[in-house]
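Asker: Give me a model of this one.
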Amino acid sequence: MQAYFDQLDRVRYEGSKSSNPLAFHHYNPDELVLGKRMEEHLRFAACYWHTFCWNGADMFGVGAFNRPWQQPGEALALAKRKADVAFEFSTSYMCHFIASTMWMFPLRARR
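Answerer: Model (predicted):
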């Protein structure tokens, strides 16, 4: 499986004094809040269609996103590739939940 996010680092907690714009300043997943880890209270999620399927097209023009998994090809192979990308994203980063999973499969596979 091709790695799509291998050049990205995880966003880490660095505290409120950090000047890093790509760090958590207040969210510490290991900090206890009311007996639970903060990660259990604040669970990050991504919408499958908007994050992995949408090409950025709107009423003002054609798609603006050039994502490597959105190249032309056979529908089932593309659906599998997008599922691989979503799985990599959700297991490599703090986003453990994906919404709208029915869009992971082409229409003919849902019948």
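
Asker: Which elements pack onto the longest helix seen in the chain?
Answerer: Longest helix in the chain by number of residues (criterion: DSSP state H): helix 75-92. Under the contact definition 3 or more CB pairs under 8 Å, 6 or more residues apart in numbering; DSSP states H and E, helix 75-92 sits against strand 44-47, strand 95-99. All C-beta spots, glycine's among them, are computed from the backbone N, C-alpha and C.

Asker: Now W69. Its backbone dihedrals?
Answerer: Phi and psi for W69, reported as degrees, to the nearest 10, are phi -90, psi 0.

Asker: neighbours of it, just the number please.
Answerer: Using other CB atoms under 10 Å, W69 has 16 other residues around it.

Asker: thought it was touching A3?
Answerer: No: W69 is beyond contact range of A3, at 11.6 Å (criterion: CB atoms under 8 Å).
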